[in-house]
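K.L.:
Sequence first, predicted model second:
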Amino acid sequence: MDQENQNTNKHTPVLLMKTLQILDPQKGDKYLDLTAGYGGHAAAILKLTGNYKESVLIDRDTEAVKTLQDLFKDKGARIIQDDFLSASKSLQGEGLKFDVILADLGVSSPHLDKASRGFSFAQDGPLDMRMDQRQTLSADTIVNHYSEARLRDLIQKYGEDPKARQIARRIVMSRPVKTTHELATIVARAWPGHSRVHPATRTFQALRIEVNNELELLRLSLPIWKSLLNPGGRMIVISFHSLEDRLVKQYFSEHSGNNYDAELKLIGKQPAIGDTQEIALNPRARSAKLRAAVKIKT
Ligand SMILES: C[S@@+](CC[C@H](N)C(=O)[O-])C[C@H]1O[C@@H](n2cnc3c(N)ncnc32)[C@H](O)[C@@H]1O
């Protein structure tokens, strides 16, 4: 293992205790992890169910999948490298159902900590941001080849950045832009003065969402995840920004409540969030919001 991997192949699962309390895994339960990452949630849940053979762990990232194989393959868990929409459709096609489903969305710590993956402006790396390294679209393509109008629209829509127009203009004028530090510096010039968060945060979020088609995959997957749940089965979605959380909140509320055809019952009216102790130990828990539902028994 090279130096970078040795130092950065760690991910602490967020809201782990709350996830276990809410999902309430029982011996023999079938578990589907849609974003299994480095297996932190999966290890804790599978220890309780003991049912490795009928459980499925999905991730689109090659390095995460290698770790999942090392941890769970010998125990019999099925591991799939794919995006969760296409993998969920395949599972649906096979007629499979699960008792416990988890989607812990977004990036893992290794994505952010490894400069070479190009997700972070905290360290200098290439403009990459692909979760699945087999895909061709990268942040470099978007930054250096999208039209100014398309760049502005995506920074507005996915970054909700009020300076989207100025940022897009500056990026286009500075081409070619090759590294995360170069891009962060260009964006920061559109935001003179001090701000609490780094001025490039929103632009980086927007690029990441575009590169990985994050919102569209989530929107199209939610109905499939509902259909993959057994009656009485529990599902959790953990999101890390308001655009994702809005989609989950809306979907859960449309399919729960007093409608005669409601298939879900919400677990908790408000999303669960990290407490101060967890946030102090794991700053990535700061923006996590956990929403949960149970499939109504018919
Ligand atoms: C927050 S991490 C999950 C960490 C995991 N729960 C753990 O305890 O190690 C999110 C993971 O989801 C994966 N991911 C994000 N979007 C995905 C998608 N659409 N399809 C498949 N995997 C995805 C990422 O590659 C990343 O490994």
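P.N.:
Great, that's in hand.
K.L.:
do you know how far the residue in the stretch 151-298 of the chain that the ligand sits nearest to is from residue 58?
P.N.:
Nearest to the ligand, among the residues of the stretch 151-298 of the chain, is residue 217, at 4.5 Å (Cβ to the nearest ligand atom). Quick note: C-beta positions are derived from backbone N, CA and C, even for glycine. Distance, residue 217 to residue 58, using Cβ to Cβ, to the nearest Å: 12 Å.
K.L.:
Mutual contacts of the two, please.
P.N.:
residue 84 (Cβ atoms under 8 Å, 6 or more residues apart in numbering).
K.L.:
out of the two, which sits in the more crowded spot?
P.N.:
residue 58 (26 against 16; other Cβ atoms under 10 Å).
K.L.:
now the helix or strand containing the more buried one, how far from the centre of its chain.
P.N.:
Assessed by DSSP states H and E, residue 58 sits inside strand 56-59. Relative to its parent chain, strand 56-59 has a centroid offset of 13 Å by Cα atoms, centre = their mean, to the nearest Å.
K.L.:
partners of that strand in the sheet?
P.N.:
Partners of strand 56-59 in the sheet, by DSSP bridges, are strand 31-33 (parallel), strand 78-81 (parallel).
K.L.:
List the buried residues in the longest helix seen in the chain.
P.N.:
In the chain, assigned by DSSP state H, the helix with the most residues is helix 214-228. Using 16 or more other Cβ atoms under 10 Å as the test for burial, helix 214-228 gives 214-215, 217-218, 221-222, 224-226, 228.
K.L.:
Could you identify the helix or strand that succeeds it?
P.N.:
Counting by DSSP H and E, what follows helix 214-228 is strand 229-239.
K.L.:
What helices and strands are in contact with the next helix-or-strand element following that next one?
P.N.:
Using DSSP H and E, the helix or strand that directly follows strand 229-239 along the chain is helix 242-254. Packing partners of helix 242-254 (3 or more Cβ pairs under 8 Å, 6 or more residues apart in numbering; DSSP states H and E): helix 214-228, strand 229-239, strand 264-266, strand 289-295.
K.L.:
re earlier: how about whatever helix or strand comes next after the strand holding residue 58 as CSV, C-alpha atoms only?
P.N.:
Using DSSP H and E, the helix or strand that follows strand 56-59 in sequence is helix 62-68. Extracted as CSV, the C-alpha positions of helix 62-68 are listed here (Å, rounded to 0.1, in the frame of the first residue of the first chain):
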residue,chain,number,x,y,z
THR,A,62,-13.1,0.8,-6.9
GLU,A,63,-11.1,1.3,-3.7
ALA,A,64,-14.2,1.0,-1.4
VAL,A,65,-15.2,-2.2,-3.2
LYS,A,66,-11.8,-3.7,-2.7
THR,A,67,-12.1,-3.0,1.0
LEU,A,68,-15.6,-4.4,1.1
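K.L.:
so how far is helix 62-68 from its chain's centroid?
P.N.:
That offset, for helix 62-68, works out to 15 Å (Cα atoms, centre = their mean).
K.L.:
Need the residues that contact that helix.
P.N.:
5, 9, 36-39, 42, 57, 59, 77, 79, 81, 108, 110, 132-134.
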